[in-house]
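Novice: Requesting a structural model of the entry that follows:
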Amino acid sequence: MFSLQRFNPCYIQSVRLLLVDDDVELCALLTEFLRREGFTVQAANDGRTGLEQALEGGYDLVILDVMMPGLDGFEVLKRLRRQSRVPVLMLTARGEDVDRIIGLEIGADDYLGKPFNPRELAARIKAILRRSDSLQSGGRIEVNGVLLDPGSREVFLDGKSIETTTLEFQILEMLMRAAGRVVSRDALMETLYNRKATPFDRSIDMHVSHLRRKLESPERPIIKTIRGVGYQFCRTPEDAAQAS
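Specialist: Down below sits the predicted model:
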């Protein structure tokens, strides 16, 4: 399990953040704020430099702005995800839902619209780090032909490796650990995003849809939608056969 000790003042400096944003003034303000919060922060003011630093490793989380000249945040994230699963929090223009959707689809762990309260940024960072640490707890899970290994963060379907994004893995782990029981959208949102679900937030549904495409076939549904409530991972093929 995650230990809050990591966020006590004596330990939080071990958390290394990389901030990538071309707004030099904002970068300086956020760096100062996050350092006062106890984090160790490095900043890069263009996408190419940020990508190089992120790929060098050693960071616990990357804060990545979408709108940057040259190599924008989306392209940085795409290239980063080819080699690294470091958690990424994207900064998007407020109201630009398409930016948020694209970011989540290509592997972002969360998003925050500009302008934002720096304290919300710190809270989001801590929530992502808690989720990341929690993946290391618990053993391997095998249900209905799907094997999930929290230690290596690998997923196998009938022995075949399945690529998943960080959020897809986290959702799948929650559903598999509760196999046979319904996991509500509210519970998923609270755990993954540290906020309640809203009728217009479809990010969880989008990730579940991606998981279905990777794991299911028409003859073999695995994840049920419980309308108005949430999702259920089927324990057996017989359970899955009742999904339609």
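
Novice: Now for the nearest residue in space to residue 216 that is not next to it in sequence, how many residues are close by?
Specialist: Take residue 216 and drop its neighbours on the chain: the residue closest to it by CB to CB, 6 or more residues apart in numbering is residue 222, 5.1 Å away. Any C-beta I mention is one placed from the backbone N, CA and C, and that applies to glycine too. Look at residue 222: counted by other CB atoms under 10 Å, it has 25 neighbours.

Novice: didn't residue 222 look like it was pressed against residue 234?
Specialist: Yes. Under the criterion of CB atoms under 8 Å, residue 222 makes contact with residue 234 at 5.6 Å.

Novice: Check what pLDDT the residue nearest to residue 216 gets.
Specialist: On the pLDDT scale, residue 222 is placed at 92.

Novice: Residue 118 against residue 33, yeah?
Specialist: Yes. Between residue 118 and residue 33 there is a contact under CB under 8 Å: 4.7 Å.

Novice: In this protein, what residue spans correspond to helices?
Specialist: Assigned by DSSP state H, the helices in the chain fall at 24-36, 47-56, 73-81, 97-105, 118-134, 166-177, 185-193, 203-215, 237-241.

Novice: Mean neighbour count and distance to residue 156 added to these, as TSV?
Specialist: Formatted as TSV, these follow (neighbours: other CB atoms under 10 Å; distance: least, CB to CB, whole Å):
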stretch	mean neighbour count	distance to residue 156
helix 24-36	14	38
helix 47-56	18	27
helix 73-81	20	20
helix 97-105	18	23
helix 118-134	18	21
helix 166-177	22	12
helix 185-193	18	22
helix 203-215	18	10
helix 237-241	14	17
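
Novice: quick one: the residue sitting nearest the centre point of the chain from residue 87, how far?
Specialist: Closest residue to the average C-alpha location of the chain: residue 109 at 2.5 Å, with CA atoms, centre = their mean. Using CB to CB, to the nearest Å, one gets 5 Å for the distance from residue 109 to residue 87.

Novice: before we move on, what about residue 28?
Specialist: Between residue 28 and residue 87 the computed distance is 23 Å (CB to CB).

Novice: go on, residue 80?
Specialist: Relative to residue 87, residue 80 is positioned 11 Å away (CB to CB).
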